[in-house]
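# Using only what follows, build the 3D model:
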Amino acid sequence: MAGMNQGRRYAIWLLAGCVWISGGSIPSAIGQEQDSAPVVRPEDLLESAMEKLDSGDITEAANLFRKIRVQAPDLPGLKLLEGLLYMETGDAPKAIASLNEFNRNAGSEHRGYAAVGRIYAKSRMYRQAIRPLERAKDLAPVQVQGRAVKANIGIELATVLHKLKRTDRALVEAAEAEKLSPNDPEIQVRTGEMHLALQNYDAALSAAEKAIALGLSKIRIDPFTRETLNLLKDAYELKIAVARSKRAADPDDAAPYFTLAEGTRDLSDITRRIELLQAREYLLEALNNDSKRNEWRLLLAQINLELGGLQDALQEVNRILEDDPAHEAAAQLKQIIQEQFRGE
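Residues are numbered from 1 along each chain as shown. Alright, predicted model coming up:
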């Protein structure tokens, strides 16, 4: 079964630590001197560094770290940033050392504990992950900027407990997380996995179906979110796993065979959507380097349409037709898109 989907998006402070990239150390830019620049408050630099980490710009986050360290070496949160940077570069021992130092001085701050727990969980050191995740969950607010922080930490804790075969307690934690965030598909998937381990097949299938419904609702709003597509893939895989287990328990029951067929079909569709999203990302990179290629833009419009992004598809064909009003393929695709708009 697919593992935890990091996240991945708590408040930018916590989110920055969700991505794990193996090897290396904090980029050397941290220790390099740079040209003087207008003075900016260290607190603002720290916030900007966290935003850079959230966007994946590790090098710039490291540069900002260096500036903060020069201006305000004792700034609260600097050790958190340092630990998250070490996490990004895969240096777990240094990350834990920095984060533990932050935790000793941070009082009732949940972010450092959650990051330490995540490091241990990622390293499959599940026993060591329990305490920091428990502490993070106790300290975390219910929500930050609309994100269900406490519920997401709770489901991480539940998953760790599940890995240690402490499934009864894991289900308690998962139920609490679901109560805090009932519309989170990841929580439904992880809860379903635990029910499956206990052979509670009906509960596991119900969780899978709820996760699928929630995920499909999300991609109708934003069809280009990889995280949601990956969660849907997890949900379909859970549905298939439940059906296989039910079939093994009662081979004469016809219902699991239908569920297997349905789940396998839907899994193939979502897998194709994930591949299409990757193709879309490649095309966006290509057009960023050469925006004049109408045939590239036409393919992008076709992929947007297949993914359900009608407005994005229409935008691309309109750009082609502005450049080449006689472009027949673009005109035909525009008609198809407009028909789909009318059918909604």
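# Neighbours of Leu45, how many?
Counted by other CB atoms under 10 Å, the residues lying close to Leu45 total 21. All C-beta spots, glycine's among them, are computed from the backbone N, C-alpha and C.
# so it makes contact with Gln71?
Yes. The pair Leu45 / Gln71 is scored as a contact, 7.5 Å apart, by CB atoms under 8 Å.
# In this structure Asn152 contacts Ser181, no?
Yes. The pair Asn152 / Ser181 is scored as a contact, 7.5 Å apart, by CB under 8 Å.
# the more surrounded of the two?
Asn152 (27 against 20).
# For the helix or strand hosting the more buried one, name the packing helices and strands.
If you go by DSSP states H and E, Asn152 is part of helix 149-163. For helix 149-163, the elements it packs on are helix 111-122, helix 126-139, helix 167-180, helix 185-197, judged by 3 or more CB pairs under 8 Å, 6 or more residues apart in numbering; DSSP states H and E.
# What residues does Arg319 make contact with?
Going by CB atoms under 8 Å, 6 or more residues apart in numbering, Arg319 touches Arg297.
# How about Ile336?
By CB under 8 Å, 6+ apart, the contact set of Ile336 is Leu305.
# before we move on, back to that, of the helices and strands packed on helix 149-163, give the one that comes closest to Asp324.
With distances scored as CB to CB, the stretch of those nearest to Asp324 is helix 185-197 (41.9 Å).
# Any buried residues in that closest one, and which?
Pro185, Glu186, Ile187, Gln188, Val189, Arg190, Thr191, Gly192, Glu193, Met194, His195, Leu196 (16 or more other CB atoms under 10 Å).
# The fourth one and Asp202, how far apart?
Gln188 is 14 Å from Asp202, where distance means CB to CB, to the nearest Å.
# With the second one instead?
Glu186 sits at a distance of 21 Å from Asp202 (criterion: CB to CB).
# do Glu60 as well
Distance from Glu60 to Asp202, counting by CB to CB: 50 Å.
# what about the two, which has more around it?
More crowded of Glu60 and Asp202, by other CB under 10 Å: Glu60, with 17 against 10.
# how deep is the nearest residue to the more buried one once chain neighbours are set aside tucked in, by neighbour count?
Of all residues not flanking Glu60 in the chain, Lys52 sits nearest, at 4.6 Å (CB to CB, 6 or more residues apart in numbering). Using other CB under 10 Å, Lys52 has 20 other residues around it.
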